[in-house]
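Asks: coords please:
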Amino acid sequence: MAVSQVSQNLDAREQSANSSTCLLGYPDRFYATLKFQKAALPEAAPLSTETALLLYALEQQAVSGPCKGSSGWKWSAVENAKLTAWKQLGNMNGMEAMRLFVRTIEEEQADWYALLVASEAKGEAGEEKKEQGVEDSWTQVNMEGLKKPAPRYEHAGAPPVKGGSHTGEGQTQ
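Replies: Numbering: from 1, shown residues only. From the prediction side, this is the model:
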């Protein structure tokens with residue numbers, strides 16, 4: 001990308017932040033709205049369950065394409081609802097899903113771009129919180145000074161009995 005194009009993009013972004021309208025094109029606009037939604041900023045309006053379900057389905061359609069999975073695990077109502085919503089989109093084009101995702105966010109939160117730019121300026125959006133642990137990693141537990149747990153059953157260490165019946169007949173001693 002040429003230096004003039006980069007400076008034009010930065011100028012457009014600054015102008016857009018000042019006017020609270022997003023001048024980004026697709027798919028950049030989609031990824032910016034996705035970042036806004038994932039950031040869950042405290043200034044943002046809360047989303048209804050139906051809207052959150054629609055946004056999940058549109059995101060999956062835009063990023064992964066049509067749903068090819070099975071009906072999922074029926075015991076989890078949330079996962080089942082997500083999968084059903086995604087399947088209902090059918091063979092929708094990925095760009096159409098991106099457009100609908102952005103439109104839904106803009107209807108719910110008109111000033112989403114200004115909030116996103118302001119949060120990035122403060123360093124809130126897109127960063128992991130320091131107090132949270134690292135996912136998918138093992139943690140060493142300090143076992144010093146702890147007693148070994150008692151056996152689960154009393155007979156856990158007893159040798160097996162040879163011969164005999166359940167009444168104890170025929171046992172040799």
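Asks: who are the contact partners of Leu89?
Replies: Applying C-beta atoms under 8 Å, 6 or more residues apart in numbering, we find Leu89 in contact with Ala57, Leu58, Gln61, Pro66, Cys67, Ala97. Heads up, the C-betas are built off the backbone N, CA and C, glycines and all.
Asks: who touches the fourth one in this structure?
Replies: By C-beta under 8 Å, 6+ apart, Pro66 lies in contact with Leu89, Gly90, Asn91, Met92.
Asks: count the residues that sit near Cys67.
Replies: 20 (other C-beta atoms under 10 Å).
Asks: so how far is Leu89 from it?
Replies: According to C-beta to C-beta, to the nearest Å, Cys67 and Leu89 sit 7 Å apart.
Asks: hey, what's in contact with both of the two?
Replies: With C-beta under 8 Å, 6+ apart, Cys67 and Leu89 have common neighbours Gln61.
Asks: quick check, Leu115 in contact with Pro42.
Replies: No - with contact defined as C-beta atoms under 8 Å, Leu115 does not count as touching Pro42 (9.8 Å).
Asks: between those two, who's got more neighbours?
Replies: Neighbour comparison, Leu115 and Pro42: the larger count goes to Leu115, with 19 against 8 (by other C-beta under 10 Å).
Asks: and the more buried one, how far is that from Trp75?
Replies: Taken as C-beta to C-beta, the span from Leu115 to Trp75 is 37 Å.
Asks: returning to that earlier point: among the contacts of Pro66, who's most crowded?
Replies: Leu89 (18 neighbours).
Asks: show the pLDDT at that residue.
Replies: What the model reports as pLDDT for Leu89 is 92.
Asks: Val78 versus that one, what's the distance?
Replies: Distance from Leu89 to Val78, by C-beta to C-beta: 18 Å.
Asks: which residues sit in contact with the closest residue to Thr51 other than its chain neighbours?
Replies: Distances taken as C-beta to C-beta, 6 or more residues apart in numbering place Glu108 nearest to Thr51, at 6.2 Å, with adjacent residues excluded. By C-beta under 8 Å, 6+ apart, the residues touching Glu108 are Ala45, Leu47, Thr51.
Asks: narrow those to those that are buried.
Replies: Buried by 16 or more other C-beta atoms under 10 Å: Leu47, out of the contacts of Glu108.
Asks: and which of the contacts of Glu108 is nearest Lys122?
Replies: Ala45 (19.0 Å; C-beta to C-beta).
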